[in-house]
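S.K.: sequence first, then the predicted structure:
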Amino acid sequence: MLDGVRRWLAESGAEPTPARVAQALREQGRVLGDAEVLGAAEQLRSELVGSGPLEPLLADPSVTDVLVSAPDRVWVDRGGGLELAPVSFPDAGAVRRLAQRLATVAGRRLDDARPWVDARLPDGTRLHAVLPPVAVDCTCLSLRVVRPRAFTLDELTAAGTVPPGGDRVLRALLRARLSFLVSGGTGSGNPNMVL
């Protein structure tokens, strides 16, 4: 059903509004209620201008990273390590199309001549993608969600990111107005500290 709607929208050049989706469904001889039409319109919007099946994961405030290694291997990190998400793509081509569309949104190119991209999306999300043959079998996609707010030093200390006593050292450095470098592992919060 959605393939037919996609084709109709592409041929007519129409935006995937609920009214246009309903028109496309009628053209196919389908009669659906308002809820089904709105659901189809939202799914198409997500595929065409959103992040497709990854959209609910990226909207989850607990998710920091989303990784795709195969159409049926979508992983999320909520701060406790990677876990398999209940999300999948129809095929490897769908993963590739999403990666290419996201790269385009970031103002980058992702194709056979340039099979990798490292960019920042307009909302600040970090995008990393690699196409085959550099990636084995399927396009690999990594999205790192930007935290909506910075961690406080007390939060970092409580989480164990700053070692015991480290908060006193950092505060003394700030009082003395000395230069210092904050480093740490990926996802540890180092670029988001508020001291």
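M.R.: Structure's in. What do you need?
S.K.: show me which helix or strand of this structure is least confident by mean pLDDT.
M.R.: strand 193-194 (a mean of 49; mean pLDDT, DSSP states H and E).
S.K.: okay, now the unreliable bits of this structure?
M.R.: Applying pLDDT under 70 to the chain flags the ranges 1-3, 5-6, 9-10, 14-18, 30-32, 37-50, 147-149, 184-195.
S.K.: what is the residue nearest to the spatial centre of it paired to in the beta sheet?
M.R.: With distances taken as Cα atoms, centre = their mean, the residue of the chain nearest its centroid is L143 (4.4 Å). For L143, the beta-bridge partners are V66, L127 (DSSP bridges).
S.K.: distance of it relative to V76?
M.R.: From L143 across to V76, the span is 10 Å (Cβ to Cβ, to the nearest Å). In this view, the C-beta of every residue, glycine as well, is placed from N, C-alpha and C.
S.K.: so what sits against both of these two?
M.R.: Between them, L143 and V76 share these contacting residues under Cβ atoms under 8 Å, 6 or more residues apart in numbering: 65-67.
S.K.: please pick the buried ones from those.
M.R.: 65-67 (16 or more other Cβ atoms under 10 Å).
S.K.: of those residues, which is the nearest to E11?
M.R.: Of all those, V66 has the smallest distance to E11: 32.3 Å, by Cβ to Cβ.
S.K.: who touches the closest one in this structure?
M.R.: Residues near V66 by Cβ under 8 Å, 6+ apart: 54, 57-58, 74-76, 85, 141-143, 145.
S.K.: please enumerate the helices of the protein.
M.R.: 2-12, 18-27, 34-48, 55-59, 92-105, 153-158, 166-175 (DSSP state H).
S.K.: mean neighbour count and distance to A119 for the ones you listed - can I get that in JSON lines?
M.R.: Converted to JSON lines, the helices of the chain look like this (neighbours: other Cβ atoms under 10 Å; distance: least, Cβ to Cβ, whole Å):
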{"stretch": "helix 2-12", "mean neighbour count": "14", "distance to A119": "26"}
{"stretch": "helix 18-27", "mean neighbour count": "18", "distance to A119": "30"}
{"stretch": "helix 34-48", "mean neighbour count": "16", "distance to A119": "20"}
{"stretch": "helix 55-59", "mean neighbour count": "15", "distance to A119": "16"}
{"stretch": "helix 92-105", "mean neighbour count": "19", "distance to A119": "6"}
{"stretch": "helix 153-158", "mean neighbour count": "16", "distance to A119": "28"}
{"stretch": "helix 166-175", "mean neighbour count": "12", "distance to A119": "32"}
